[in-house]
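1. Turn this into a model:
(chains A and B)
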Amino acid sequence: EAGVTQFPSHSVIEKGQTVTLRCDPISGHDNLYWYRRVMGKEIKFLLHFVKESKQDESGMPNNRFLAERTGGTYSTLKVQPAELEDSGVYFCASSLGAGTYNEQFFGPGTRLTVL
Amino acid sequence: ELKVEQNPLFLSMQEGKNYTIYCNYSTTSDRLYWYRQDPGKSLESLFVLLSNGAVKQEGRLMASLDTKARLSTLHITAAVHDLSATYFCAAFDYKLSFGAGTTVTVRA
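-> Residues are numbered from 1 along each chain as shown, chains lettered A, B, ... in the order given. Purely as a prediction, here's the structure:
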């Protein structure tokens, strides 16, 4: 069974440009999460989808970030316009359920560099 | 807000010796995870600890949980080169809160 996939693996853009990251969860997983790790710091929660609905977006840093999950399948995270401090690794994870015993499976991450 | 502190951030291990990584968390959590990440790869779940006093072992790695102290440890026995990676702990309270990670290198 395919795991969580993310595209692209790396992205280098200039400040002010737009970037869209994509996450394909494990098939059948209703719960999808985005996390981010900025240089050398902890991995921080960004938001949580249940199917196509945003369950919790308390970790989204500001309104330059927009996440969507069309049809409850794959998800995109758009950064517009990108700033230097947005550089980091963006991880996606998915799980079957959201409760205590539902493990989240992580993708390999997208490394974003904003110059 | 659940906060997780992990230390050390960097750990240079000598082959054959034992080491411990510590993970403290600030408030009650349903479960505690340990993950391993190799460069460019996914976070791989190593252990899930669900209750006070839980101890899990896999090969040279052993994780334990003390919910009263809000402390989990990852103990490495007789380090070998293929344990070089970054290790994260994460506490769960409706979402995962991660520590900053411990970058481990094992030298001969």
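2. residues from chain B in reach of chain A?
-> B:4, B:6, B:9, B:30-31, B:35, B:40-43, B:45, B:48, B:50, B:88, B:90, B:92, B:94-101 (C-beta under 8 Å from any C-beta of the partner chain). In this view, the C-beta of every residue, glycine as well, is placed from N, C-alpha and C.
3. if we go to 6 Å?
-> For chain B, the residues in contact with chain A (C-beta under 6 Å from any C-beta of the partner chain) are B:Asp30, B:Lys41, B:Ser42, B:Leu43, B:Lys95, B:Phe98, B:Gly99, B:Ala100.
4. Point out the least confident one among those.
-> Within the residues of chain B next to chain A, the minimum per-residue pLDDT falls on B:Asp30 (74).
5. Can you report how many residues neighbour it?
-> 13 (other C-beta atoms under 10 Å in any protein chain shown).
6. Name the secondary structure element that contains A:Asn63.
-> Using DSSP states H and E, A:Asn63 maps to neither a helix nor a strand.
7. pLDDT at it, what is it?
-> Model confidence at A:Asn63 (pLDDT) stands at 94.
8. hang on, the earlier thing: now the buried members of the residues of chain B next to chain A.
-> B:Ser42, B:Leu43, B:Lys95, B:Phe98, B:Gly99, B:Ala100 (16 or more other C-beta atoms under 10 Å in any protein chain shown).
9. Filter these down to the ones in strands?
-> Among those, the members falling in strands (DSSP state E) are B:Leu43, B:Phe98.
10. rewinding a little: of all the residues of chain B next to chain A, which two lie farthest apart?
-> The most widely separated members of the residues of chain B next to chain A, counting by C-beta to C-beta, are B:Asp30 and B:Lys41 (26.5 Å).
11. Any idea what residue 13 is bridged to?
-> I went with chain A, as the question did not name one. Per DSSP bridges, the residues bridged to A:Ile13 are A:Val114.
12. Switch to chain B, please.
-> Bridge pairing for B:Met13 - DSSP bridges - gives B:Val106.
13. May I have the residues that are in contact with residue 98?
-> Picked chain A for this. A:Asn31 (C-beta atoms under 6 Å, 6 or more residues apart in numbering or on different chains).
14. Wait, chain B was what I had in mind.
-> A:Glu42, A:Ile43, B:Phe88, B:Ala90.
15. Among those, which one lies nearest to A:Gly16?
-> The closest of the contacts of B:Phe98, once distances to A:Gly16 are taken by C-beta to C-beta, is A:Ile43, at 26.2 Å.
16. Got the confidence number for the residue nearest the centre of chain A?
-> The centroid of chain A falls nearest to A:Trp34 when counting by C-alpha atoms, centre = their mean (3.2 Å). Note for A:Trp34: predicted pLDDT of 97.
17. And the strands in chain B, which stretches?
-> B:4-7, B:10-14, B:19-25, B:31-37, B:43-49, B:55-58, B:61-66, B:71-76, B:85-92, B:96-98, B:102-107.
18. now the closest residue to B:Gln57 other than its chain neighbours: how far from chain A?
-> Of all residues not flanking B:Gln57 in the chain, B:Ala63 sits nearest, at 7.8 Å (C-beta to C-beta, 6 or more residues apart in numbering or on different chains). Look at B:Ala63 and chain A: by C-beta to the nearest C-beta, to the nearest Å, they are 15 Å apart.
19. Tell me, how many residues neighbour the closest residue to B:Leu96 other than its chain neighbours?
-> Closest residue to B:Leu96 apart from its sequence neighbours, by C-beta to C-beta, 6+ apart: B:Ala90 at 4.4 Å. Around B:Ala90 there are 29 other residues, counting by other C-beta under 10 Å.
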